[in-house]
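>>> Provide a 3D model corresponding to the input given below.
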Amino acid sequence: MEQFELSYEELASRLSRAEAIIEALQHGEIDATILGNKQIVLIRPEEMVRQTEAELRASERRYRSLVTATAQIVWRTDPTGRVVDEIPTWQEFAGCSKETLLGKGWLNTLHPDDVPHVQQIWQQAIEAQKPFELEFRILRHDAVYRDFRVRGVPIFNYPDDLEEWIGTCTDITESKQIRVMLDDERNLLLTLIDNLPDYIYVKDVKSRYLLVNEALRRQLGAGSKDEVIGKTEFEFTAPELAGQYFESEQDIFTTGQPLVSHREPILDHDSGSRRWVLTTKIPFHDTQGHLKGLVGMNRDITELQDMKEALQRERDFAEGLIETAQVIILVLDTQGRIVRFNRYMEQVSGYTLTNVGGEDWIETFIPDEHKAKTRAAFKEALNEIRTLGNISPIITKDGTQRQIEWYDKTLKDPQGEVVGLLAIGQDITVRLQAEHEKDHLLEAVKQQREQLRALTRQLAEAQEAERKTLARELHDQIGQSLTALDLNLNLISTQLAKPTSHVPDIVRTRLEDSLTLVAQTAERIRDVMATLRPSVLDDYGIVAALRWYGNKLASRTEFYVKIDGDEITPRLATPVEDTLFRIAQEALTNVAKHAQAERVIIQVSSQNGRVRMAISDDGQGFDPASQMKPSEQQHWGLVTMIERTEALGGRCQIKSSVGQGTQVVVEVPR
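Next up is the predicted model:
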């Protein structure tokens, strides 16, 4: 079939011209016509009619061939939009007859929803007598509606004489579907980028915004995206920063090379503070390869940057601690090879990390006799059996050994796999030496203390023996002499009292004074004897002796002494009774001198092979810590009580506070 390439306007023009010629010929108004651009042929009217009719028939054939050959629907209507002739392509597409389309019947092939709009556009076009375009849906023969773009043009006989309408219907279903798909994809893409936290944008080659997402719109402080489109950074940020952005983007356009993961500053619109973003900008081109602009994305890394800086500060701080720490910090891999150690390890060992890095720790530093034990401990540590306070020596560069106390912890990667061991070691060589010396000193002190206790015990026993001897001597020698003297003086006094005796009064007076002095001396000697060694202690035991001494002391002081307890049976050993009595004697003496007490209670009991004596007063009390200082010589009695008790293997506690009285508690073995 012959193909024609005529526009609809040209086709309409030719038809109009042919019809005008026919009309002129019928009226005999012309006898010539123009056949070409430059050819004029004179013809007779009847020839002109025949020629014009032939041209008209040829034009009509060409028109129908064009209508049949084209993929579009070509249609014709009268001036009011009514179909008056068949429309083969429409009839074929819709699967309908000519009669279906005649008049306004063609509207019945449209989608019902489109008819009102089509009628409105047609009416406006008829009134304006101007070309029009619109879209509507036509029902295809398979009952499927297809989308068409419709264009109609008016055909005039004369400038104001509208003769008919000619137009086309172009099937745009696929293109419209594609356009809808593209719109959906665009909307999806816009929705996606609008909900991303990153700043996403498109700029032209002059760095003007063509597209921005919501995150960037907020960051720029714009009320809407339209306020950003067509503008540059200079309208939103500081000039120096905007200038940097512009120069980097122009470099991208010049070189064609993208800018990838570049760190640069931005200004936060709300706070005015500087933030950091990781920027990627990529140039883009049209289908012909022409540079059109760039696509950019900024990711806010301010928090990440802050964390990185904080982490760096922490790392620097940790490194400072590691390098200045006065302990060994050692890192080994899972094979026991040296990964790193700190400066203190260099000082202790004499090696640098450069010397021994990567070497086997055990083979390099551990003495042969400790290697097996250390390897076993290393394997246990890798199995997360921690070593705490294990002492193991190392060999230094000069061959000496240092004693190290180790603490370790396994090191793991982010997946939880063990990758090595961290060991912290403290050089305790000097400490161990000091402890060894201290042990010797403590042993010596212990021996000295035992000797002191033995001496104290012996001294107390010797003192008691001396007291007993002295008391016996006083009783046996001086006591007897005083008794004899008293008898003699009394005899003389008796003789002088006889009437036959002539003695001066002064002699009688002196004799009476001598008798009184002898009696007083005897009494004082008995007191001294009782103080040196009360016979009641030897005869009856500790409780009786305490009662005797308490009553005696109470008679000469202003406080009352109560003894609470029964005599212990069987009787205590003499050294124990002597010690308890002397401690009670010292305590009561202190009460009399310092306490200003009104009442003293002495409790004596025995249980589980131990004897307990508690001496409590209600006096003014004191601070034992201050009174036990060596400088407080007036309170050596307290120290003596403690020493006496410890000499027997016992314990003496002195409890007191100012205003709360005092209690002395003594516990000794039987």
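>>> and the gap between Ile593 and Ile601?
In this structure residue 593 is Lys, not Ile. Remark: distance between Lys593 and Ile601 (C-beta to C-beta, to the nearest Å) = 19 Å. For glycine as for every other residue, the C-beta is placed from the backbone atoms N, C-alpha and C.
>>> The two - which one has more neighbours?
Ile601 (16 against 11; other C-beta atoms under 10 Å).
>>> which SS state does that one fall under?
strand (DSSP: H, G, I helix; E, B strand; the rest coil).
>>> how much space between Val639 and Trp406?
45 Å.
>>> who's more crowded, these two?
Taking neighbours as other C-beta under 10 Å, Val639 and Trp406 compare with Trp406 leading, 20 against 15.
>>> helix or strand for the more buried one, which one?
Counting by DSSP states H and E, the element that carries Trp406 is strand 401-412.
>>> Identify the residue spatially nearest to Ser224, adjacent ones excluded.
The shortest distance from Ser224 to any non-neighbouring residue, by C-beta to C-beta, 6 or more residues apart in numbering, is to Arg217 (7.2 Å).
>>> quick one: pLDDT of that neighbour?
Reported pLDDT at Arg217 in the predicted model: 93.
>>> Likewise for Met529?
So, for Met529, pLDDT stands at 64.
>>> Report the buried residues of stretch 101-119.
Leu101, Trp106, Leu107, Thr109, Leu110, Asp114, Val118 (16 or more other C-beta atoms under 10 Å).
>>> Name the SS class of the third one, please.
Pointing back at Leu107 there. Going by three-state DSSP: Leu107 is helix.
>>> Ala222 - how many residues pack around it?
19.
>>> OK, contacts around it?
Val228, Phe236 (C-beta atoms under 8 Å, 6 or more residues apart in numbering).
>>> Just give me how far the helix or strand just after the strand holding Trp406 sits from the chain centre.
The first helix or strand that comes after strand 401-412 along the chain, using DSSP H and E, is strand 418-427. Strand 418-427 has its C-alpha centroid displaced from the chain centroid by 24 Å (C-alpha atoms, centre = their mean, to the nearest Å).
>>> residues in contact with strand 418-427?
Residues contacting strand 418-427 (C-beta under 8 Å, 6+ apart): 327-334, 339, 345, 348, 378, 381-382, 384, 402-413.
>>> Name every strand pairing with it and say which way it goes.
Taking DSSP bridges as the criterion, strand 418-427 forms sheet pairs with strand 328-333 (antiparallel), strand 401-412 (antiparallel).
>>> buried stuff in it?
Buried, per 16+ other C-beta under 10 Å, within strand 418-427: Gly420, Leu421, Ala423, Gly425, Gln426, Asp427.
>>> Make TSV out of the residues you listed and add pLDDT.
Below are the buried residues of strand 418-427 laid out as TSV (pLDDT from 0 to 100):
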residue	pLDDT
Gly420	93
Leu421	92
Ala423	92
Gly425	92
Gln426	91
Asp427	92
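>>> Show me which pair in those is furthest apart.
Gly420 and Asp427 (22.3 Å; C-beta to C-beta).
>>> need the contact list for Glu247.
No residues are in contact with Glu247 under the rule C-beta under 8 Å, 6+ apart.
>>> And for the residue nearest to Ser224, the neighbour number?
20.
>>> quick one: contacts of the host helix or strand of it?
For Arg217, the element it lies in under DSSP H and E is helix 214-220. For helix 214-220, the surrounding residues in contact (C-beta under 8 Å, 6+ apart) are 194-201, 212, 224-225, 228, 236-237, 266, 268-269, 298.
>>> Now go through the residues you listed and say which are in helices.
Asp194 (DSSP state H).
>>> Identify the residues contacting His594.
Gly619, Gln620, Phe622.
>>> Would you verify that it is located in a helix?
Yes - applying three-state DSSP, one finds His594 inside a helix.
>>> how close does it get to Ile642?
Distance from His594 to Ile642, by C-beta to C-beta: 18 Å.
>>> about what we covered before: skip ahead from the helix holding Arg217 and say which helix or strand is next.
In N-to-C order, the element after helix 214-220 by DSSP H and E is helix 239-255.
>>> how many other residues sit next to Asn213?
The burial count for Asn213: 23, using other C-beta under 10 Å.
>>> Does it touch Thr191 like I think?
No - counting by C-beta atoms under 8 Å, Asn213 stays clear of Thr191, with 9.9 Å between them.
>>> OK, contacts around Thr237?
Leu220, Tyr245, Ile266, Leu267.
>>> redo that, cut-off 10 Å
Going by C-beta atoms under 10 Å, 6 or more residues apart in numbering, Thr237 touches Gln219, Leu220, Gly221, Gly243, Gln244, Tyr245, Pro265, Ile266, Leu267, His269.
>>> What number of residues are in the vicinity of the second one?
Using other C-beta under 10 Å, Leu220 is surrounded by 22 other residues.
>>> ok, it to Tyr407 distance?
56 Å.
>>> for Asn608, same thing?
44 Å.
>>> Tell me which of these two has more neighbours.
Applying other C-beta under 10 Å to Asn608 and Tyr407 shows that Tyr407 carries more neighbours, namely 15 against 6.
>>> ok, back up a step: in PyMOL, how would I select the buried members of the contacts of His594?
Burial among the contacts of His594 is assessed by 16+ other C-beta under 10 Å; the matching PyMOL selection reads:
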select buried, resi 619+622
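>>> Can you point out the buried residues in stretch 246-260?
Judged by neighbour count (16+ other C-beta under 10 Å), stretch 246-260 contains these buried residues: Phe246, Glu249, Ile252, Phe253, Leu259.
>>> ok now it, how far from the chain's centre?
41 Å.
>>> do the same with stretch 145-157
73 Å.
>>> Let me see the mean pLDDT of it.
Taken as a whole, stretch 145-157 has an average pLDDT of 94.
>>> Please identify the buried residues of it?
For stretch 145-157, using 16+ other C-beta under 10 Å, the buried residues are Tyr145, Arg146, Asp147, Phe148, Arg149, Val150, Gly152, Val153, Pro154, Ile155.
>>> Can you flag which of those residues belong to strands?
When DSSP state E defines the strands, the subset of the buried residues of stretch 145-157 inside them is Tyr145, Arg146, Asp147, Phe148, Arg149, Val150, Gly152, Val153, Pro154, Ile155.
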